[in-house]
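[1] Provide a 3D model corresponding to the input given below.
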Amino acid sequence: MPSDPWARHGWVRLAEGWAEHLRSPLAAAEQAEAADWCAAGRPLVIARGRSGDEAGELRLGLATPDKRRIGLHVAVGAVAERLAPLPLAEALNSAPAAWQPMLVELVRRALDLGVAAAVYGSLAWQHRTGLRYVRPESDIDLVFAPRDRWQLDRLLDLLAETGDGPPRLDGEILLPDGVAVAWRELVGRPARLLVKGPVEVGLRDLASVLALFDRKDAA
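    Take a look at the predicted model:
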């Protein structure tokens with residue numbers, strides 16, 4: 001298991017003077033909006049890196065409630081605080097009341113399998129900022145990190161059973177080598193799967209993905 005398996009869905013708060021650590025330029029309007037955002041104490045999400053990024057650099061995302069996106073490329077010196085991916089259990093009270101019983105039950109059943117859920121996307125932004133992101137048509141985006149084939153198979157059964165909601169569930173399974181695959185794609189058992197790493201995106205054979213969970217050192 002990677003030492004920092006959740007990095008892509010983690011969060012940071014930036015320090016004063018963060019703009020001095022920019023590694024790629026921002027448009028003036030975007031920089032001003034990001035400055036106001038950070039001054040309000042709101043966090044940004046850690047995004048996938050890009051080929052050519054150097055060690056000690058981060059790609060960050062700022063998503064607004066009206067679905068605009070601002071991408072920041074900074075040195076780690078800009079970071080004042082780093083936050084782990086948000087556990088779904090901590091975000092339950094930020095979900096619409098009608099969705100909460102289903103999500104509470106999902107948390108319970110996943111934990112019974114020994115697997116915790118982290119949440120990203122609109123519900124995570126709503127919980128982290130106090131702003132309104134979740135809409136009636138919003139999906140709940142989740143990340144799970146099963147350690148072995150037993151957990152994986154039973155987790156996929158649980159998600160297939162409950163995933164069409166409401167709310168509709170989406171998101172990823174983190175593989176033991178640190179890359180991720182959409183759980184809905186994995187449920188379908190196609191011969192080839194799209195996998196997302198810290199930087200790269202590519203295709204893998206289903207058999208090689210499942211074999212990662214059969215290794216004795218996967219746990």
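[2] count of residues packed around the closest residue to Leu169 other than its chain neighbours?
    Using Cβ to Cβ, 6 or more residues apart in numbering and skipping residues adjacent in sequence, the residue nearest Leu169 is Gly163, 4.1 Å away. Using the backbone N, CA and C atoms, a C-beta is placed for each residue, glycine as well. Using other Cβ atoms under 10 Å, Gly163 is surrounded by 20 other residues.
[3] just the one 4 residues further on next, same as before
    With neighbours defined by other Cβ under 10 Å, the count for Pro167 comes to 20.
[4] does it count as helix, strand or coil?
    Three-state assignment for Pro167 (DSSP: H, G, I helix; E, B strand; the rest coil): coil.
[5] Mind pulling up the pLDDT for Glu137?
    On the pLDDT scale, Glu137 is placed at 95.
[6] mind checking how far it is from Leu88?
    Glu137 sits 19 Å away from Leu88, going by Cβ to Cβ, to the nearest Å.
[7] residues contacting the residue lying farthest from the centre of the chain?
    No residue in the chain sits farther from the centre than Ala28, which is 28.2 Å out by Cα atoms, centre = their mean. The contact partners of Ala28, by Cβ atoms under 8 Å, 6 or more residues apart in numbering, come to none.
[8] Also Ser24?
    By Cβ under 8 Å, 6+ apart, the contact list for Ser24 reads His73.
[9] Over to the nearest residue to Ala182 once chain neighbours are set aside: give its phi and psi.
    Leaving aside its sequence neighbours, Ala182 sits nearest to Glu172 (Cβ to Cβ, 6+ apart; 5.9 Å). Dihedral pair for Glu172: phi -130, psi 160, per degrees, to the nearest 10.
[10] Show me the beta-bridge partners of the residue nearest to Ala145 when sequence neighbours are not counted.
    Nearest in space to Ala145, with sequence neighbours left out and distances taken as Cβ to Cβ, 6+ apart, is Leu174 at 4.1 Å. Assessed by DSSP bridges, Leu174 has beta-bridge partners Ala180.
[11] Leu174: neighbour count?
    22.
[12] just Asp139 next, same as before
    Residues within reach of Asp139, counting by other Cβ under 10 Å, total 16.
[13] how much space is there between it and Leu106?
    Plainly put, Asp139 is 13 Å away from Leu106 if you go by Cβ to Cβ.
[14] Trp11 now?
    Going from Trp11 to Leu106 by Cβ to Cβ gives 22 Å.
[15] Please apply the same query to Glu54.
    Distance of Glu54 to Leu106, computed by Cβ to Cβ: 39 Å.
[16] Give me the residues contacting stretch 88-105.
    106-107, 116-119, 123-124, 126-127, 134, 136, 140, 142, 162, 165-167.
[17] In helices only, show me the residues you listed.
    Among the contacts of stretch 88-105, the members falling in helices (DSSP state H) are Leu106, Val107, Leu123, Ala124, Gln126, His127, Thr162.
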